[in-house]
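Asks: Build me a structure from this.
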Amino acid sequence: MPTGPAALSSGSFTRMFFLRSGRGFGFRQGGLRLAVFAIAVALIWPALIVGQDGSQGPAWVATWGTSPSTPGSFGQAGTAGSAFENRTLRQIVHTSVGGDSVRIRLSNRHGSVPLEIGAVHIASRGEGARIEAASDRALTFGTETSITIPVGAFVLSDPVGLEVLPLADLAISIYFPSDTGTPTSHSTGLQTNYISPPGNFVATELISDAETSQSWFFLTAVEVKPSERTGVIVTLGNSITDGTQSTADTNGRWPDHLARRLAARDAGTLGVVNAGIAGNRVLHDLGGFGISALARLELDVLSLPGVTHVVVMEGINDIGMGGGLAPEIASADEIIAGHLQLIARVHARGLKIYGATLTPFEGAFYYSPEAEVKRQAVNEWIRTSGAYDAVIDFDAATRDPNQPSRFKPGFSQDNLHPNDMGYEAMADAIDLSLFDL
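Replies: The predicted structure is shown next:
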């Protein structure tokens, strides 16, 4: 039986910092600072106890993730919090890599009240709202089945043994005993999720008479412990990374296609996490569309375990969403300065970062000739500056050779977002050797 620090689980370590109170956490004076510290340590604790980093062997890696949108004037993200009171939310996620243990991250980042979690289960998904009962596992938090998450915080569950396959669906079922307030959500999930009738159905094989939503709520990451060294690519972007205009429930976003290509090549040694938010910008927040890429880099990208590469495709909304749509109008030089900040911060972590060129948008609702000049200037800088470790030329992969300011015929329905064919062409244009470990 091991003793000392190596014998402490993340749950027992967390208990050193928290005082139990009822169904959740109670904090001593100054406890909020302790909570933030404990969460940060919990993120790195598995690496500390084995004395390794991602280059030395298997460790926790993110197999799926999503980035919370923000409530605001461009559309309140998600469902009203009271809709989840005394209900079970069964959410479906599609893995990129597998492992033999799993844990999840729940977030109350944009919450208005402490979030009470009554029970959580994870299982392999069957059809629709059904789970494969033999795979069902209860998740705990510091060995407790319930937890209360403070406003603005997130928590990691304790690990549980479960054979997680790559490119497979998992179902995470969460029971909320009380009003959840403003939900932390990702609006453009493009995945059917299930809201139960009143009651706790986390262990129920099939949730009947469920309402549905294509947003994700409170769940921001699923992490696995693989059997071999595994890296993670995080794709930081806007709606074109988020997959807007792809077919729902098909995992047709370009990062999904990339994950399938990598799995076919490497049998699952590289995970892909999609950190795209529809409407996102490099420099400025936009209500309903997430805080800026500069503001969310730490939580949405760098805090994920196992990250080895970051791909950035950001800037088209800084160009197009100015003036009438938002008060900030960014110049090409300002957008480039934002990219340089992202590069410097990722390089400071010793990670590789690749820049993706901005795709055409003539014919889109916010196109103008002046905006096209900015797009061309940003793309020229991405291609020629050498600031990024490599360039992924999505513009060249999707543009009409006869009218380069437009998408190739058949690649887009709205002249801004690729369709299923366009997203697949983007992924196919990526040189997989960029991600050699």
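
Asks: quick one: low-confidence parts of the stretch 201-350 of the chain?
Replies: For the stretch 201-350 of the chain, the stretches flagged by pLDDT under 70 are 322-327.

Asks: Tell me where it has helices.
Replies: 239-242, 254-266, 293-297, 316-320, 332-348 (DSSP state H, counting those that start in this stretch).

Asks: For residue 71, find the nearest of those.
Replies: Comparison of those against residue 71 by CB to CB identifies helix 293-297 as nearest, at 15.0 Å. No exception for glycine: its C-beta is placed from N, CA and C like everyone else's.

Asks: about what we covered before: nearest to residue 87 among the helices of the stretch 201-350 of the chain would be which one?
Replies: With CB to CB as the criterion, residue 87 lies closest to helix 239-242 of those, at 26.1 Å.

Asks: can you list contacts of whichever strand or helix holds residue 425?
Replies: Secondary structure from DSSP states H and E places residue 425 in helix 420-428. With contact meaning CB atoms under 8 Å, 6 or more residues apart in numbering, helix 420-428 is reached by 243, 246-247, 250, 252-258, 261, 359, 394, 397-398, 407-408, 410-412, 418.

Asks: Please verify my assumption that residue 302 contacts residue 348.
Replies: No. Taking CB atoms under 8 Å as the definition, residue 302 is not a contact partner of residue 348, at 9.4 Å.

Asks: Between the two, point out the one with more neighbours.
Replies: residue 302 (16 against 9; other CB atoms under 10 Å).

Asks: what sits against that one?
Replies: Residue 302 sits in contact with 345-346, 349, where contact means CB under 8 Å, 6+ apart.

Asks: give me that answer again for 6 Å
Replies: residue 349 (CB atoms under 6 Å, 6 or more residues apart in numbering).

Asks: repeat for residue 345
Replies: By CB under 6 Å, 6+ apart, residue 345 lies in contact with residue 297.

Asks: same deal with residue 251?
Replies: Here residue 251 is in contact with residue 94 (CB under 6 Å, 6+ apart).

Asks: State the phi and psi torsions of it.
Replies: phi 50, psi 60 (degrees, to the nearest 10).

Asks: Kindly provide the distance from it to residue 260.
Replies: Remark: distance between residue 251 and residue 260 (CB to CB, to the nearest Å) = 8 Å.

Asks: Next, the residue minimising distance to the centre of the chain: phi, psi?
Replies: The residue lying closest to the centre of the chain (CA atoms, centre = their mean) is residue 66, at 2.0 Å. As for residue 66, its main-chain torsions (degrees, to the nearest 10) stand at phi -150, psi 160.

Asks: Would you confirm that it contacts residue 187?
Replies: No. Residue 66 is beyond contact range of residue 187, at 10.1 Å (criterion: CB atoms under 6 Å).

Asks: Where does the prediction get shaky in the stretch 51-200 of the chain?
Replies: Those would be 51-58, 72-81, if you go by pLDDT under 70 across the stretch 51-200 of the chain.

Asks: which residues sit in contact with the residue nearest to residue 193 when sequence neighbours are not counted?
Replies: Of all residues not flanking residue 193 in the chain, residue 91 sits nearest, at 4.5 Å (CB to CB, 6 or more residues apart in numbering). Residues near residue 91 by CB under 6 Å, 6+ apart: 172, 193, 216, 219.

Asks: OK, contacts around the first one?
Replies: By CB under 6 Å, 6+ apart, the residues touching residue 172 are 91, 122, 219.

Asks: And the last one, by the same measure?
Replies: Contact partners of residue 219, counting by CB under 6 Å, 6+ apart, are 91, 172.

Asks: Give me the distance between it and residue 180.
Replies: According to CB to CB, residue 219 stands 13 Å off from residue 180.

Asks: re the thing from before, may I see the PyMOL selection of the buried members of the contacts of helix 420-428?
Replies: To isolate the buried ones among the contacts of helix 420-428 in PyMOL, judged by 16 or more other CB atoms under 10 Å, type:
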select buried, resi 243+246+252+253+254+255+256+257+258+261+359+394+397+398+407+408+411+412+418
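
Asks: From the contacts of helix 420-428, which land in strands?
Replies: Among the contacts of helix 420-428, DSSP state E puts residue 407 in strands.

Asks: Bridged to residue 164, which residues?
Replies: residue 99 (DSSP bridges).

Asks: That one: how many residues sit nearby?
Replies: 23.

Asks: Could you measure from it over to residue 257?
Replies: Taken as CB to CB, the span from residue 164 to residue 257 is 21 Å.

Asks: ditto for residue 213
Replies: Distance from residue 213 to residue 257, by CB to CB: 24 Å.

Asks: try residue 99
Replies: Taken as CB to CB, the span from residue 99 to residue 257 is 22 Å.

Asks: for residue 272, same thing?
Replies: Applying CB to CB to residue 272 and residue 257 gives a distance of 10 Å.

Asks: Dig out what the closest residue to residue 388 other than its chain neighbours forms beta bridges with.
Replies: Distances taken as CB to CB, 6+ apart put residue 355 closest to residue 388, at 3.6 Å, once the chain neighbours are dropped. Beta-bridge pairing of residue 355 under DSSP bridges involves residue 312, residue 391.
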